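Participant: Structure, please.
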Amino acid sequence: MLVVSSVSCSFEKQNTQKSYFTEMGEIFHTLFHVKYASKEEQSDAIKQALLQLNHSANPFDSTSLLYAINNNTSMEVDSIFTYLFNEAKRLSELTHGTYDVTVGPLVNIWGFGFEPSPYPQGAVPKEAIDSVLNFVGFQKIVLRDNKIYKEDPRLKIDFSSIAKGFASDLVAQALYQHGVEDYLVEIGGEIAFFGSNPQGKEWTVAIRKPVLDSVGLEHYNDLETIIALPSSKKKGGLATSGNYHNYKTREDGTIYAHTIDPISGYPVQTDVLSATIIAENCAWADALATASMAMGSKRAVELLKTLPNVDYFFILANDAKKEEGIYRFIASPTFNSYIVE
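Facilitator: Got it, this is the predicted structure:
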């Protein structure tokens with residue numbers, strides 16, 4: 001069930017005669033912040049956009065289309081589900097299966113999903129992984145005539161790597177349809193942006209250091225860099241993916257993170273500690289950031305260089321041990337021009 005809680009709204013007048021509203025709250029078990037210029041507050045439009053995404057793609061909501069498909073009670077889809085599915089399929093093909101939203105059952109058994117794991121933390125037996133791999137893979141599911149067809153009924157979809165980004169896009173679209181041309185929409189770190197901030201300048205955002213912090217609060221202010229989003233006259237999206245917030249610790253003290261490789265079935269261990277992507281929309285940035293984490297820097301850069309209007313900034317482990325606090329960086333040439341400090 002969708003819950004929007006602790007919503008607050010404030011506004012500030014600027015010399016430009018625009019009123020900037022700020023709204024924030026909690027949704028999909030994460031926080032959202034929206035800042036926008038408008039003649040009046042747009043709380044209803046924001047909530048309606050979030051309800052649309054929830055109806056299509058919330059795996060926890062028993063009334064959603066995704067819940068019905070994962071539980072084989074209905075295979076009907078709508079335009080939002082279709083968009084998410086087709087974008088996910090496109091990226092799955094581009095990454096040769098490293099990005100795959102049918103990874104849901106694997107995410108579940110490792111304890112990061114929408115169903116509880118039957119295994120002790122970090123102790124998933126190989127035979128269980130091999131069994132689940134039999135019904136993981138985008139080639140085992142088809143969307144045709146607004147219906148999903150599964151090769152195996154145990155197959156489950158997990159849109160978590162793209163849905164928050166698309167939720168930001170939907171809110172941004174709703175605001176734009178209500179005449180808003182200056183906004184920054186952030187849901188769980190995934191950002192859709194357009195226009196100018198209250199000072200009439202480019203929106204600025206921070207990229208945090210990849211410091212292990214399971215609640216995301218202890219090191220909230222440990223910033224790596226601040227960037228100015230690329231253009232005040234062009235819509236865009238930014239997303240950052242990292243394993244430093246969503247991870248678990250085995251009994252022996254070793255850490256494993258929430259990004260699961262759909263090919264091997266095991267948690268991903270690559271040199272990418274944090275992947276930030278700027279793209280034409282937030283859904284695509286969100287998915288690409290996750291894919292970059294899973295592929296590792298070499299493969300990710302090879303792919304991203306072939307995609308139009310995409311910039312990247314990776315924080316990488318300095319060696320195979322991934323010692324905390326020792327990083328190196330790679331970025332697309334254009335991304336460097338966005339860095340403020």
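
Participant: quick one: V340 from E202, how far?
Facilitator: Counting by C-beta to C-beta, to the nearest Å, the gap from V340 to E202 is 9 Å. Bear in mind the C-beta positions are built from the backbone N, C-alpha and C, glycine included.

Participant: before we move on, what about V171?
Facilitator: For V171 relative to E202 (C-beta to C-beta), the value is 20 Å.

Participant: So which of those two has more stuff around it?
Facilitator: Neighbour count, other C-beta atoms under 10 Å: between V171 and E202, V171 has more, with 29 against 17.

Participant: and the more buried one, which of the three is it?
Facilitator: helix (DSSP: H, G, I helix; E, B strand; the rest coil).

Participant: Was I right to think it contacts Q48?
Facilitator: No. Contact criterion C-beta atoms under 8 Å: V171 and Q48 do not qualify, at 9.4 Å.

Participant: Give me the spatial nearest neighbour of S241, chain neighbours excluded.
Facilitator: Computed as C-beta to C-beta, 6 or more residues apart in numbering, the closest residue to S241 that is not its neighbour in sequence is A289, at 3.6 Å.

Participant: Give me the neighbour count for that neighbour.
Facilitator: Counted with other C-beta under 10 Å, residues neighbouring A289 total 29.

Participant: Helix or strand: which one has it?
Facilitator: If you go by DSSP states H and E, A289 is part of helix 282-295.

Participant: What are the buried residues along stretch 69-79?
Facilitator: Under the neighbour-count criterion of 16 or more other C-beta atoms under 10 Å, stretch 69-79 has 69-70, 77 buried.

Participant: Low-confidence stretches in the stretch 151-300 of the chain?
Facilitator: By pLDDT under 70, the low-scoring segments of the stretch 151-300 of the chain are 211-223, 231-232, 243-257.

Participant: can you tell me the distance between the two ends of stretch 292-301?
Facilitator: End-to-end span of stretch 292-301 (C-alpha to C-alpha, to the nearest Å): 8 Å.

Participant: For I330, list each beta-bridge partner.
Facilitator: F314 (DSSP bridges).

Participant: what about it, distance to V205?
Facilitator: For I330, the distance to V205 - C-beta to C-beta - is 19 Å.

Participant: neighbour count winner among those two?
Facilitator: Between I330 and V205, counting by other C-beta under 10 Å, V205 is the more crowded of the two (19 against 16).

Participant: For C282, give me its contacts.
Facilitator: Residues in contact with C282 (C-beta atoms under 8 Å, 6 or more residues apart in numbering) are 165-166, 168-169, 172, 185, 190-192, 237-239.

Participant: Excluding chain neighbours, what is closest to it?
Facilitator: Spatially, and ignoring its direct neighbours in sequence, C282 is nearest to G237 (3.0 Å; C-beta to C-beta, 6+ apart).

Participant: same for whatever helix or strand the one you found lives in, what does it pack against?
Facilitator: Assigned by DSSP H and E, G237 belongs to strand 236-242. Applying 3 or more C-beta pairs under 8 Å, 6 or more residues apart in numbering; DSSP states H and E, one finds that strand 236-242 contacts helix 160-177, strand 190-194, strand 204-208, strand 272-279, helix 282-295.

Participant: Just put those in JSON lines and tack on distance to F313.
Facilitator: Shown next, in JSON lines, are the helices and strands packed on strand 236-242 (distance: least, C-beta to C-beta, whole Å):
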{"stretch": "helix 160-177", "distance to F313": "17"}
{"stretch": "strand 190-194", "distance to F313": "14"}
{"stretch": "strand 204-208", "distance to F313": "7"}
{"stretch": "strand 272-279", "distance to F313": "4"}
{"stretch": "helix 282-295", "distance to F313": "10"}
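
Participant: which one of the ones you listed lies closest to H33?
Facilitator: When those are compared by C-beta to C-beta, strand 190-194 sits nearest H33, at 9.3 Å.
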